[in-house]
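> 3D model of this:
(chains A and B)
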Amino acid sequence: MLARLKSNQRTVLILACLMGILIVCLLIAAAFGAVSISPLDIVKMTLNKVGFTHFTTTWQATDETILFQIRLPRVVAGALVGAALAAAGVLFQGMLRNPLADPYIIGTSAGGAFGATLAMMLPLSFAFLGFGLIPIAAFFGALVAVLLVYNLARVGGKTPIISMLLAGFAVSAMLIAAMSFMITMSDRLQLRLHSIWSFLMGGIWVSDWSQIAIIAPMIIGGIVVARFLAFRLNAFSLGEEGAAYLGVDVERDKLTILGLGSLLTGAAVSLSGLVGFVGLVVPHAVRLVLGPDHRLLLPAAALSGGAFLVVADLLARTVLAPTEIPVGIITALIGAPFFIYLLRRTRREYAF
Amino acid sequence: MIKLSLSHVSFSYIDVPVLHDIDLAIERGEMVALLGPNGSGKTTLIKLLSGVLRPTEGEIHLDGSSLRQLKRREVAQRVAVVPQQFHMPFSFTLREVVLLGRTPFLKAFSNEGEGDYKAVQTSMELIGVTELGQRFFNELSGGERQKGILAMALAQEPKLLLLDEPTAHLDINHQVEILDLVKGLNREQGITVIGAMHDLNLAALYFDRLILLKEGRILADGPPSDVLTEGTIKEVFSASVQVMRHPSMKTPHIVITPKRT
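Numbering: from 1, shown residues only, chains lettered A, B, ... in the order given. This is a model prediction of the structure:
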């Protein structure tokens, strides 16, 4: 049936379904926790809060506090991080023409980890617009690492993709060595090993709307801009030269895609540390099901990534409650088998 | 209207010179083959004409405007390229690949429209790949893929079609099919065609004008019977051949005799 619809109608229908799934996931995730709140009450409370409706209060005041102060910021942050990582994954996979690339491939993870570790070593603590020093350092660490990689890979006005990958590998290795050295030498860091580990495994520890207020426009805006690059990402599938034959300004677009992908990744890392697998598996899985056309793939992957991480984070905080499992463990545990299943099931095979 | 002129064009990769002081004029509607051994500069010349490489010295003019002054997009709205082969890492359908030909016409923040779909449909019909539209590009045969790329290039509605050894790695039936299609586009749509060709006999059969390159210089330029002689082939390829006449086309036909039998 889907095939018979016009491609625009099919796109709208698929995105509407995915949006619905994301909203359902958000509701379910907001309902569960140490205190359960009924999804119906969540909808009513939210609509009241926004000012659309005036439902009579049938819930306890504490429920409202838990929902708005604790649960919603966390599930919304989860959706944003998942969407950002999946969209960045689509951008990097498309630009590098490699379905196995992920948002961390050119140094953002190592840069973010280095920045965070450096911040933990400094005897400083401050908060800026709801952000502590660590997320700010992680964000800029990620961006500086990519900037470094891009400039190292630049030869005679061009930035060949292979040199970008190699430079990314080398810069990552250096940053991780430096980070390990700092941990070895600093007593202060030895005491905070658990925090470092938590950052590396990733987790959604957001309980503050002000962080979301800053990051959300960055992530949503980034995804909207990325969607407008989708047609040219399709052209990139023919290789840099093929894209150039089609009128693409390859060097300019590479820089735009790289900058946008890194901004999305940096924003995600600042909220959640290094959550793995979302940026690799979600774009890949969505591509296997819906095809490689970036005009649909990009928004579809963003919505799916959001839903996926919201569910993963729900499991992370409920499975062994009150102990929280780092969400990165959950994303890998769900992501890897699902990925294998899709690879074996699909007809849309990859040519490497 | 397309008129292409090269004046004193030289090109070097870093400091390896590839083309020296090329002067050339190609009129609208011509069908020109670039010939020469590997390394003689024919692929480089195709890339210079497409604008993805810039001459180290000299100027290339397309309808009076210098390629240096045109944006990539503006060049791609007039000039399409069919390379030897594309490696496609993702499973696009053939129709999705043909639609890529509309890339140079899309503005930065807009999607494709009815006009683009129409161009895609027309070019797929012209090349005869309409029924392959929903097949995955990667699963098609080499000949079908090359026809798909030709349809993509045609969706660019080019005035000038550049071919870089379009029939390399293809079986003989597909070589003939591709070149027949290209000849049809030249004769019926008036598209100027410039193709780097490896096979001298195919070039003589399909192209009206041959340009023979040796070490980055033009050695001969003219109709097939003037360019393909035993003398020029000896000079350019260091090969001893006999030039016969094609039995029905009367074009030069090169025959080789093995040294050992």
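> What is the longest helix anywhere in chain B packed up against?
Using DSSP state H to define each element, chain B has its longest helix at helix B:172-188. Other helices and strands packing on helix B:172-188, by 3 or more C-beta pairs under 8 Å, 6 or more residues apart in numbering or on different chains; DSSP states H and E, are helix B:142-155, strand B:160-164, strand B:192-196, helix B:200-206. Heads up, the C-betas are built off the backbone N, CA and C, glycines and all.
> one more time with 7 Å, if that's ok
Contacts defined by 3 or more C-beta pairs under 7 Å, 6 or more residues apart in numbering or on different chains; DSSP states H and E place helix B:172-188 against helix B:142-155, helix B:200-206.
> could you list every residue that touches whichever residue of the stretch 201-350 of chain A sits closest to chain B?
Proximity to chain B, evaluated over the stretch 201-350 of chain A using C-beta to the nearest C-beta, is greatest for A:G247 at 2.9 Å. Applying C-beta atoms under 7 Å, 6 or more residues apart in numbering or on different chains to A:G247 gives the contacts B:72-73, B:75-77, B:103-104.
> Give me the subset of the residues you listed lying in helices.
If you go by DSSP H, the contacts of A:G247 have B:72-73, B:75-76 in helices.
> closest to chain A among those residues?
Closest approach to chain A among those (C-beta to the nearest C-beta): B:A76, at 2.9 Å.
> Run through the residues of chain B sitting next to chain A.
Contact residues, chain B versus chain A (C-beta under 7 Å from any C-beta of the partner chain): B:50, B:52, B:72-73, B:75-77, B:81, B:86-92, B:96, B:100, B:103-104, B:106, B:108-109, B:138.
> Strands - which of those residues land there?
Those of those mapping onto strands are B:V81, per DSSP state E.
> Give me the buried subset of the residues of chain B next to chain A.
The neighbour-count test (16 or more other C-beta atoms under 10 Å in any protein chain shown) marks B:50, B:52, B:72-73, B:75-77, B:81, B:86, B:88-92, B:96, B:100, B:103-104, B:106, B:138 as buried among the residues of chain B next to chain A.
> Next up, the contacts around residue 7.
Going with chain A. A:S7 touches nothing, counting by C-beta under 7 Å, 6+ apart.
> Let me rephrase: I mean chain B.
Counting by C-beta under 7 Å, 6+ apart, B:S7 touches B:23, B:58-59.
> can I assume it sits in a helix?
No. Assignment of B:S7 by DSSP: H, G, I helix; E, B strand; the rest coil gives strand, placing it outside any helix.
> Could you report the pLDDT at it?
B:S7 carries a pLDDT value of 92.
> And the residue of the stretch 201-350 of chain A closest to chain B, how close does it get to B:S66?
Distance of A:G247 to B:S66, computed by C-beta to C-beta, to the nearest Å: 17 Å.
> One more: A:A268?
Look at A:A268 and B:S66: by C-beta to C-beta, they are 45 Å apart.
> Look at these two and report which has more neighbours.
Between A:A268 and B:S66, A:A268 has the larger neighbour count (other C-beta atoms under 10 Å in any protein chain shown), namely 36 against 10.
> The more buried one and A:V81 touch, don't they?
Yes. Between A:A268 and A:V81 there is a contact under C-beta atoms under 7 Å: 4.5 Å.
> per-residue confidence at A:I161?
Per-residue confidence (pLDDT) for A:I161: 80.
> Tell me who's in contact with it.
By C-beta under 7 Å, 6+ apart, the contact list for A:I161 reads A:96, A:240.
> before we move on, back to that, host element of the residue of the stretch 201-350 of chain A closest to chain B?
In this assignment (DSSP states H and E), A:G247 forms part of neither any helix nor any strand.
> after the helix or strand encompassing A:N8 comes which helix or strand?
Using DSSP H and E, the element containing A:N8 is helix A:7-31. Sequence-wise, the next helix or strand downstream of helix A:7-31 (DSSP H and E) is helix A:39-50.
> and that next one with helix A:7-31, angle?
Between the axes of helix A:39-50 and helix A:7-31, defined by axes from the mean of the first three to the mean of the last three C-alpha atoms, to 10 degrees, the angle is 100 degrees.
> Show the pLDDT at residue 112.
I'll assume chain A. A:G112 carries a pLDDT value of 88.
> Chain B is the one I meant
pLDDT recorded at B:E112 is 79.
> Endpoints of stretch B:68-78, how far apart?
15 Å (C-alpha to C-alpha, to the nearest Å).
> so how far is that stretch from its chain's centroid?
Relative to its chain's centre, stretch B:68-78 lies at 18 Å (C-alpha atoms, centre = their mean, to the nearest Å).
> got a list of contacts for it?
Residues outside stretch B:68-78 that contact it (C-beta under 7 Å, 6+ apart) are A:244-249, B:2, B:51, B:54, B:62, B:67, B:104-105, B:156, B:158-160.
> what do you get for stretch A:274-284?
Stretch A:274-284 has contacts (C-beta under 7 Å, 6+ apart) with A:81-82, A:85-86, A:88-90, A:93, A:99, A:102-103, A:109, A:112-113, A:199-200, A:202, A:297, A:301, A:304-305, A:308-309, A:327-328, A:331-332, A:335, A:338-339.
> Please identify the buried residues of it?
Going by neighbour count (16+ other C-beta under 10 Å), the buried part of stretch A:274-284 is A:274-284.
> for those, which one is nearest B:V255?
Closest approach to B:V255 among the buried residues of stretch A:274-284 (C-beta to C-beta): A:H284, at 53.9 Å.
> My reading is that that closest one lies in a strand. Confirm?
No. Secondary structure of A:H284 (three-state DSSP): helix, not part of a strand.
> Tell me how far it lies from B:F136.
Separation of A:H284 from B:F136 (C-beta to C-beta): 17 Å.
> for chain B, what are the nearby residues on chain A?
With the criterion set to C-beta under 7 Å from any C-beta, chain A comes near chain B through A:97-99, A:228, A:231-232, A:234-235, A:237-239, A:241-242, A:244-249, A:287, A:291-293, A:348-351.
> No further queries at this time; thank you.
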